[in-house]
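below are the sequence and a predicted model for it; my questions follow.
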Amino acid sequence: YSGDTIKIRLVDDTMGSNNDYHRLDDLLLPSYQASGSGQLVFEQEEINFGEVYPLTSESITIVVSNMGTEAMTFSSLISDNATFSAVLTNTTVLAETATELTATFTPTDGSVQSGNIIVTHDAPSSPDTLAVSGGGMTYITGVVTDYETGQALDDATIDVGSGTTQTNDYGQYGHYSALD
C-alpha cells in the first residue's frame, strides 16, 4: 500500500549449489515516472531551524530537483514571514538535475515563528511551497540577593536549566532561553 515500508532480507540456504550468488524473483516496484515538463521536488518538505538567538541568522541549504524531462525556470522566491528568506543557486534547472535553495531564519525576538517559502516557476505545479519554522530565544535577567540582608551577591553561580551563569558585581545575571 502507498506509504508502507517493505523490508527484504536475503538468507543463505545451505541446500544445493547456488554458486555463491543470490537471486530475488518476482519483485514489482513502482516505476519511475518522469513528467513531460519540469517537475519541482524539494529534498524535504519542511525546514525547522530550532532555537536561534535574536538578531542573528541561521541558514540551512536543501536540494531542489527538477524531476521532469524539460528545463524549469524560477520566476520568484518569496517568504510570507519576514523572519525567513531564501535564495536559489540557479534560476534555471535542466531536466533531471538539481540546484540548491538556502533558507535563512533571522528572529527579531524570542517568539516561535513559522511561515512558507513560495517558489514560482514555469512547471505545471507552480507555485510550490516549502514550510519553515524556528524559535527565537529570549534574554532572561535577574538579581540574586542575600535572603537575610537583602544585599546583592556578586560572583554567585546560577543554575539556568541547561547550564550555569555568574552574577556580576551588582548581583545581576542574564542568559538566553527558549520560549515554550
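Arrived safely, thanks for sending.

please make it C-alpha for all contacts and neighbour counts, starting now.
Will do.

so what's residue 119 up against?
Residue 119 sits next to 74-78, 126-130 when contact means Cα atoms under 8 Å, 6 or more residues apart in numbering.

for the residue nearest in space to the middle of the chain, give its distance to residue 102.
Compute the mean C-alpha point of the chain, and by Cα atoms, centre = their mean the closest residue is residue 47, 2.7 Å away. Distance, residue 47 to residue 102, using Cα to Cα, to the nearest Å: 10 Å.

the residue nearest to the centre of the chain bridge partners, please.
residue 132 (DSSP bridges).

my guess is it contacts residue 129. True?
No: when contacts are counted by Cα atoms under 8 Å, residue 47 is not listed as touching residue 129 (11.4 Å).

now, the contacts of residue 119 that are in strands?
74-78, 128-130 (DSSP state E).

quick one: average confidence on the helix or strand harbouring residue 62?
Element membership for residue 62 (DSSP states H and E) is strand 58-66. Throughout strand 58-66, pLDDT has a mean value of 95.

can you point out the buried residues in that strand?
Across strand 58-66, burial judged by 16 or more other Cα atoms under 10 Å covers 58, 62, 64-66.

note down every partner strand of that strand and its orientation.
When DSSP bridges is applied, strand 58-66 pairs with strand 40-42 (antiparallel), strand 97-105 (antiparallel).

just to revisit the earlier point, contacting residues for the residue nearest to the centre of the chain?
Here residue 47 is in contact with 60, 130-133 (criterion: Cα under 8 Å, 6+ apart).

circling back to that earlier point, find residues that contact each of residue 47 and residue 102.
residue 60.

and residue 149, how far from residue 132?
For residue 149, the distance to residue 132 - Cα to Cα - is 50 Å.
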